[in-house]
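K.L.:
Okay, structure incoming, though there's no sequence with it:
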Ligand SMILES: Nc1ncnc2c1ncn2[C@@H]1O[C@H](COP(=O)(O)OP(=O)(O)OP(=O)(O)O)[C@@H](O)[C@H]1O
Ligand SMILES: Nc1ncnc2c1ncn2[C@@H]1O[C@H](COP(=O)(O)OP(=O)(O)OP(=O)(O)O)[C@@H](O)[C@H]1O
Ligand SMILES: [Mg+2]
Ligand SMILES: [Mg+2]
């Protein structure tokens, strides 16, 4: 990544003696859309705060366009943030909030007016200029926070769960708008979300974090389809994660049943983690699958039903657009290419993951 | 609903002359899990505030167990709230926050200790008793807010986007825990979320709101499968909503193509709205479907791919676990039972919906 | 301490008297001695200015038995009929007050019925011989511009105008607006040369050497001289003000008998001596004077010569119009 | 680091400004000379005289009891008032606040004489009348100290407390009060200070035979302030300072000891 | 009036009992001509040149004092917030403690410090610097006023600044605001209630003070407070004194009302 606009080098940060970030290094390319994904409290906000200049790392550097900005004050960075808690200025109207950064840059009145109108339109809050932030609903406040950051056309935009308070419909619209803005203005986005689907849809690259450590960096498809460890697999989507043994290449024994698979290169009889996505679990008639089971529960999820199936002493999670009601006996089948085999964790870092499963 | 614990009767509320709630009536049964669902700013929080006693309606009544509590102060209601903005007490530790309501009820020390431990375990924050709310991450604060409300074992619990700041994994755990608590303690839940899937998964009943008006009330399956109007259909999940004409029962003409369907009872040649869920769009070989089209874009969504297909002048949204790359020519097919036919809006209330599509 | 929580319920009783006096103007042990000897308790109160005393006496419900105030205020209260005739025949020690002082107090208590002189003194110029190389004899040195920013004037209306009036040879009790206007012009012209108008700080300022000349009360001058021998006091040759602080018995009082006892007590030699030693202002009590050593008797800072006294006048209460005019002039002077 | 140094330097400068005059008085209290401008050598005699002067002790007692009582009452009334005023509409808000500030904007002597006329008419002058007068001029300081804090506060926590079953009073004391506590403290101290400092109003509203330190000190103005007063000021000052240091550092030290013991 | 405003009842009763009614007696004097007649001349006397002049001078000095107090107190509050030292109550006491020494003594100490042969000049002399003629001047008056009233500015401003939410400051920094803009655009507007309180508590009393100009100003000037004091005490003209007091009160009240009304919100009013 020669064109990196931002390099985070070996960032470490502790609070009260507890390490929140542990030797975190990432390079972020110009005009890239990078998402930080990870469980609550894993250090996402802390990372953004260091990039934005609101916290200094105990160790490590932040390099922006080749220059060390670790100790540069936030106002001197070409970086803007959409804060998790909105942080709107309560003593200013919505319009004044949005105009704040522009006024500081001494833009002309008409330019500012245009920008306010443009930004409010973007976040679907036309005509809200004169409202007071305190009288807005949660989602409305969040959208104003986005508008306020975007009008400044920063080189890097940090977004801390910017769509968290929005409903699906609006969120999808905003997702599209954000991507459009990113492409139009050539802004680099660093995005924090707790919504896996959002991460998968929007990102060029996803960084999965846990307890201050990077678990995996990759494109959405990589992360989803080739999780590097059980934590990622589990976190990035609902999964069946089971212990298995590889007697030989392309065969894995799970709960006593042999499953053909496509993975190779494991030691003979190596203990492995096996990941199977619920949507890859196929329902056949009883006796026709690899193992038989009984549906124990069903949940309506809109797009599909989610069923739990008891088979060989494990409770499998399976999705299907057809409802199989509890008590139904079925056969389960998984295509070899849908079986993911992973080494068991050995390092300390990977132990952490195990603990979180 | 004879067993209703709470009746909202004709609630109307305006701010600055703008009607936020318009003649809203709902009955909520004992031990029911009711979700308010609707776009940002539609009046969800306002409704909860009226139930909680923090706002008085301009008109209408709140009846709790048969008694009018419209003007009762919040502390005298057997109702607790998890606030959208957490509202933790910053001068108290996490433990003191949780103990607040119990101390007021003069519970014994050991009882309170047990409850704190139980509640913290529930929200997966064991050992956080002595932490200060300000030093917690967003998701952690939200979980403390839940713990603080739940220990009081109210008869009705109001939750305003209580899982908004949590990642999928934790959210699903919390969803299950909440339902467990509801069943164990026999609490009635009134839940606000902007997450359609969450609403579908957790609720006994969903109330879809828009601009202060109720659009539809029903079970998750009803709402998803039988949306009463285009707004609900659109809001509750991604949909293709197209104009159509019904020349006769069980046949609808869309974009010039005849589609067999299962709906009856429309006037001959009535103009209708047709809703087809993207996951119901099936891909066949070119020429083998009802109409031919070209894939124009593809997006990875984890569980499936989302494709846009240009066919007969309309851009169809379609889901599939198999990737069809832009440029691919395919045939589109929809099973008759997956085609939803709805009357066009006529009333003023329905006009509102139309505007929001 | 009991005394502190005394409430007004105690005042007016047979065994108490209420007394109002200037601050630090009595040896407080005298009060205790009085109570010991007579069983009468003194509720003692202090004030800084005669006007304060007046306001407090007139507007409050406190039953003051005795007030010690300055000549013109005594005159005013007598005129307003607030004072009670003193039955001198009941007083054993009244003869200790010298005739000269009775004579002089006629100017404010013409019938000599209502007041008894307590202390007296003059107003003059206190100057620092280190900073002034001539002998000061006249008010002129305040007005001739020689001591620019070295002069401290009295920050009270009458004393300030008195200097100019006396310099010009007018009476200090004049009500003639023309004469007052002349004085005003002099003061206006003098103002840039004045370092400050002070009341209470004059002595310390002079001791500190912050100014060369100051208009000053004789008692203060004496104290100043104690600290700094270089500070000399003179009553200018044009004459000046001689002031009296006298005791009055008040109509409002509820224990005239006790009050009379207290007045008599104050006139007793030993008591008057105690007060003199505490205050060191000239005393009208001849019995005390006679006991003093020669040096003190002859100290012009304590006891001015009769020649000096002859040139001096006592302030008389002014009518409302003149007071208002004074006040107006003073405001103009200060805001100029 | 440099910035921190400058910040501390500024802090020291302001504190010096506030305390240098006090230092002057402390020095004077050890001056053997009665004159404040002449150094007569070091002495402790004023302290001795002070302790034997029952009048001073009585005045001190009056000053302190009136000070604390009036500050406490004013804080109570002012606190309630601030909460009430905060909820008022704009017009009654500015009217109430404006009228309430009258005692502050009147020259002391006007307030003093007005109250004297008033008390004289309806009750007698004495200890209680001083107390009432002090409460009166103290209230605005309390309100002006508490009100802004209330206005700045996010009331959502109050709602949260109500929701958890606290009635309005409990919610106030358990949640709002701790948050505005610092301003209540500073309001109390301002009131206490104003009370201890006041001369004119006290002078006109007090009964005969009652003194506070300030009426005593003013009484002495004409003839020169007694050095005992410097000694007394020094003593008061020293006592408060010691109490303050103890209150601030003892808990810290104890905590450290506890930690040590735990290890 | 809503329920919560009822809490102000004891206060309202108190001000009616001990402020409004006593003031009515002053109004009574103000409207009297001393002989039982009615007149407005005592109140209108404020427009006489001497009175107007002293009022304007008092305004100017009070304004100067207020501005200096604010300029000293605000940075102090910000620094205390940054340094984050001590408990909040502690700071209140440290600031107010000097005031526990009697006013007369404190002002007298300043006289000793500032006078010609005073301590400051002595120190300057030792350092070989020329002495300053500070005493008995307007500068000395302002120093004295600032000294006396500074705590009343520090405390409310400090309380308000401590209350500021760091999030909002960060948001402003993020949007490119240098520290100066954070101060003027965010911190000051948000702490305005505290600033207004401080201004009121400093400006109003310093407008009516008379002791400080008498002692530190060498008695050479008369502010409106001195004039009222003089009418009451030396000239014994309570009618005029009352009239001027009432006029002054009306003047201040109007300017305060205007303040609150002017910017449309009670949260953030600008003087
Ligand atoms: N100022 C602080 N003092 C002490 N601990 C802190 C502080 N700020 C953050 N932490 C801790 O650091 C950890 C990481 O916090 P951070 O806010 O970065 O989490 P996050 O990944 O953004 O979580 P979320 O998704 O819940 O917002 C948390 O455990 C939090 O409690
Ligand atoms: N105090 C108020 N003053 C004026 N308008 C208000 C006030 N409170 C809410 N509103 C307006 O009422 C509408 C509904 O607000 P509400 O908070 O109920 O929305 P919501 O459904 O909870 O939205 P969200 O999902 O964004 O939280 C919004 O348009 C909001 O701007
Ligand atoms: Mg976060
Ligand atoms: Mg809401």
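P.N.:
Arrived safely, thanks for sending. All values derive from a computational prediction rather than experimental measurement. Ligands and ions are numbered 1, 2, ... in the order given.

K.L.:
Please compute how far the single longest helix found in chain C lies from its chain's middle.
P.N.:
The longest helix of chain C (DSSP state H) is helix C:320-335. On the basis of Cα atoms, centre = their mean, to the nearest Å, helix C:320-335 sits 22 Å off its chain's mean C-alpha point.

K.L.:
same question, stretch A:201-213
P.N.:
Relative to its chain's centre, stretch A:201-213 lies at 5 Å (Cα atoms, centre = their mean).

K.L.:
Span of that stretch from start to end?
P.N.:
23 Å (Cα to Cα, to the nearest Å).

K.L.:
and the longest helix of chain C, anywhere near chain E?
P.N.:
Yes - using Cβ under 8 Å from any Cβ of the partner chain, helix C:320-335 reaches chain E at C:320, C:323, C:324, C:326, C:327, C:328, C:330, C:331, C:332, C:334, C:335. All C-beta atoms are positioned from the backbone trio N, CA, C, and that covers glycine.

K.L.:
do that helix and chain D meet at all?
P.N.:
No - shown here: helix C:320-335 not in contact with chain D (Cβ under 8 Å from any Cβ), separated by at least 15.3 Å.

K.L.:
could the residues of helix C:320-335 next to chain E go into TSV alongside distance to ligand 4?
P.N.:
Output for those, formatted as TSV (distance: Cβ to the ion, whole Å):
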residue	distance to ligand 4
C:320	74
C:323	73
C:324	71
C:326	73
C:327	69
C:328	70
C:330	69
C:331	65
C:332	69
C:334	65
C:335	63
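
K.L.:
mind listing what the residue positioned nearest the centre of chain A touches?
P.N.:
Central residue of chain A (Cα atoms, centre = their mean): residue A:37, 3.2 Å from the mean position. Contacts for residue A:37 (Cβ atoms under 8 Å, 6 or more residues apart in numbering or on different chains) come out as A:44, A:192-194, A:196, A:199, A:206-209, A:235-236, B:167.

K.L.:
OK, contacts around residue A:182?
P.N.:
For residue A:182, the contact set (Cβ under 8 Å, 6+ apart) comprises A:31, A:33, A:157, A:188, A:189.

K.L.:
Any chance of these in JSON lines with neighbour count, distance to ligand 4 and pLDDT as columns?
P.N.:
Formatted as JSON lines, these follow (neighbours: other Cβ atoms under 10 Å in any protein chain shown; distance: Cβ to the ion, whole Å; pLDDT from 0 to 100):
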{"residue": "A:31", "neighbour count": "16", "distance to ligand 4": "34", "pLDDT": "89"}
{"residue": "A:33", "neighbour count": "21", "distance to ligand 4": "28", "pLDDT": "93"}
{"residue": "A:157", "neighbour count": "25", "distance to ligand 4": "25", "pLDDT": "93"}
{"residue": "A:188", "neighbour count": "22", "distance to ligand 4": "31", "pLDDT": "93"}
{"residue": "A:189", "neighbour count": "22", "distance to ligand 4": "26", "pLDDT": "93"}
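
K.L.:
Just the closest of the residues you listed to residue D:148, please.
P.N.:
Proximity of the contacts of residue A:182 to residue D:148 (Cβ to Cβ) peaks at residue A:157, which lies at 35.9 Å.

K.L.:
got a list of contacts for the helix or strand containing that closest one?
P.N.:
Secondary structure from DSSP states H and E places residue A:157 in strand A:156-160. For strand A:156-160, the external contacting residues (Cβ under 8 Å, 6+ apart) are A:5-6, A:28, A:44-45, A:48, A:51-52, A:64, A:78-84, A:146, A:149-150, A:178, A:182, A:187-192.

K.L.:
Mind jotting down where the strands sit in the stretch 101-250 of chain E?
P.N.:
In the stretch 101-250 of chain E, no strands are defined using DSSP state E, counting those that start in this stretch.

K.L.:
ok, the lengthiest strand in chain C near chain E or not?
P.N.:
Criterion DSSP state E: the longest strand present in chain C is strand C:115-128. No - between strand C:115-128 and chain E, judged by Cβ under 8 Å from any Cβ, nothing touches; the nearest distance is 11.4 Å.

K.L.:
What is the subsequent helix or strand relative to that strand?
P.N.:
Strand C:115-128 is succeeded, C-terminally, by helix C:140-143 (DSSP H and E).

K.L.:
Quick check: next helix or strand after that next one?
P.N.:
Next along from helix C:140-143, by DSSP H and E: strand C:151-154.

K.L.:
and that next one, which strands flank it?
P.N.:
strand C:194-198 (parallel), strand C:213-217 (parallel) (DSSP bridges).

K.L.:
okay, and for the chain, where does confidence drop off?
P.N.:
By default, I'm working from chain A. Counting by pLDDT under 70, chain A contains low-confidence residues at A:1-2, A:345-357.

K.L.:
hm, I was asking about chain E
P.N.:
For chain E (pLDDT under 70), the answer is E:1-2, E:85-89, E:256-271.

K.L.:
Identify each buried residue in the longest helix along it, please.
P.N.:
Scanning chain E for the helix with the most residues, using DSSP H, yields helix E:49-83. The neighbour-count check on helix E:49-83 (16 or more other Cβ atoms under 10 Å in any protein chain shown) flags E:50-51, E:53-55, E:57-58, E:61-62, E:64-66, E:68-70, E:72-81 as buried.

K.L.:
Quickly check: it near chain C or not.
P.N.:
Yes - shown here: helix E:49-83 in contact with chain C (Cβ under 8 Å from any Cβ) through E:50, E:51, E:53, E:54, E:57.

K.L.:
Report all helices and strands that that helix contacts.
P.N.:
Helices and strands touching helix E:49-83, by 3 or more Cβ pairs under 8 Å, 6 or more residues apart in numbering or on different chains; DSSP states H and E, are helix C:320-335, helix D:2-29, helix E:138-163, helix E:192-208, helix E:224-232, helix E:238-262.

K.L.:
Which among these is found nearest to residue A:306?
P.N.:
Evaluated over the helices and strands packed on helix E:49-83, closeness to residue A:306 peaks at helix E:138-163, with 48.1 Å, by Cβ to Cβ.

K.L.:
does chain B sit close to that closest one?
P.N.:
No - in terms of Cβ under 8 Å from any Cβ, no part of helix E:138-163 sits within range of chain B; the closest distance is 11.1 Å.

K.L.:
near ligand 2, which residues of chain A show up?
P.N.:
A:135, A:136, A:137, A:138, A:139, A:140, A:165 (Cβ under 6 Å from any ligand atom).

K.L.:
Chain E next: which of these are close?
P.N.:
Among those, no residue sits close to chain E (Cβ under 8 Å from any Cβ).

K.L.:
so which pair among those residues is furthest apart in space?
P.N.:
Among the residues of chain A next to ligand 2, A:135 and A:165 lie farthest apart (Cβ to Cβ), at 15.8 Å.

K.L.:
of those two, who's got more company?
P.N.:
It is residue A:165, of residue A:135 and residue A:165, that has more neighbours when counted by other Cβ atoms under 10 Å in any protein chain shown, with 24 against 12.

K.L.:
Hmm, residue D:45 is touching residue D:32, no?
P.N.:
Yes - using Cβ atoms under 8 Å, residue D:45 is in contact with residue D:32, at 7.1 Å.

K.L.:
any chance of the residues of chain A next to ligand 2 in a markdown table, with secondary structure too?
P.N.:
Putting the residues of chain A next to ligand 2 into a markdown table (DSSP: H, G, I helix; E, B strand; the rest coil) gives the following:
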| residue | secondary structure |
| --- | --- |
| A:135 | helix |
| A:136 | coil |
| A:137 | coil |
| A:138 | helix |
| A:139 | helix |
| A:140 | helix |
| A:165 | coil |
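
K.L.:
What separation is there between the residue nearest to the centre of chain A and residue E:22?
P.N.:
70 Å (Cβ to Cβ, to the nearest Å).

K.L.:
Neighbours of the residue in chain D positioned nearest to chain C, how many?
P.N.:
Chain D approaches chain C most closely through residue D:219 (2.8 Å), counting by Cβ to the nearest Cβ. For residue D:219, the neighbour count with other Cβ under 10 Å is 22.
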